[in-house]
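Need the 3D shape of this:
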Amino acid sequence: MDEKITIIEGPPPVFEPVGDGWALGLNESPLLANIVLTRLRTFNGPALVERCHRAWKSRHSIPLEYRSSDGLIQQAPIVAARFVETEEGHMLLLWLRMVDEETRLEIGYEDDDEDGEDDAPQLPF
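Residues are numbered from 1 along each chain as shown. Below is the predicted model:
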């Protein structure tokens, strides 16, 4: 059975861009992605964080499953998790890797000039 954390009710999560250096180091992947943070209220933050740790320890990923604003079910891999206690209860902090489908990393180059000549100026010697 695949492990995941699912948002059962409420509005779609709010994703905040992350600029911290340690979080950007979590972005090692062949795909371009953004690391974002979301904050979720929960009844048992320690158990959810422990679920993430167990998955990572066994070298599995664990996604957050949520409904987007258009109602479609989406998933994003969780790359870090933490909980904090607030006056209202436990707050789960999840750092996620969000892959932008329109962003592609292309390694290398293509020669645009079909006849093999480049447009660079040539030196007179």
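
Where is the longest helix in the protein?
Ranked by residue count, the top helix of the chain under DSSP state H comes out as helix 45-57.

Please identify the buried residues of that helix?
Gly45, Leu48, Val49, Arg51, Cys52, Ala55 (16 or more other C-beta atoms under 10 Å). No exception for glycine: its C-beta is placed from N, CA and C like everyone else's.

next SSE after that helix?
Secondary structure here is assigned by DSSP states H and E; on that basis, the next helix or strand after helix 45-57 toward the C-terminus is strand 63-67.

Averaged pLDDT, that following strand. What do you get?
In this model, strand 63-67 has an average pLDDT of 95.

Same question for stretch 94-104.
For stretch 94-104, mean pLDDT is 70.

contacting residues around stretch 67-74?
With C-beta atoms under 8 Å, 6 or more residues apart in numbering as the contact definition, stretch 67-74 has outside contacts at Ile7, Pro12, Glu65, Tyr66.

what about the second one, neighbour count?
Other residues near Pro12 come to 14 when the count uses other C-beta atoms under 10 Å.

Using the three-state scheme, assign it.
coil (DSSP: H, G, I helix; E, B strand; the rest coil).

Could you double-check that it sits in contact with Ala76?
No. Checked against C-beta atoms under 8 Å, the pair Pro12 and Ala76 is beyond contact range at 11.7 Å.

Between those two, which contacts overlap?
Here Pro12 and Ala76 have Tyr66 as joint contacts, going by C-beta under 8 Å, 6+ apart.

Now for this protein, the helix or strand with the poorest mean pLDDT.
helix 21-24 (a mean of 66; mean pLDDT, DSSP states H and E).

secondary structure class for the closest residue to Gly89 other than its chain neighbours?
Nearest-residue entry for Gly89: Arg41, 6.2 Å, with adjacent residues in sequence omitted and distances by C-beta to C-beta, 6 or more residues apart in numbering. Using three-state DSSP as the criterion, the local structure at Arg41 reads strand.

Is Arg41 in contact with Glu88, as I believe?
Yes. Distance between Arg41 and Glu88: 6.6 Å, which falls inside the contact criterion (C-beta under 8 Å).
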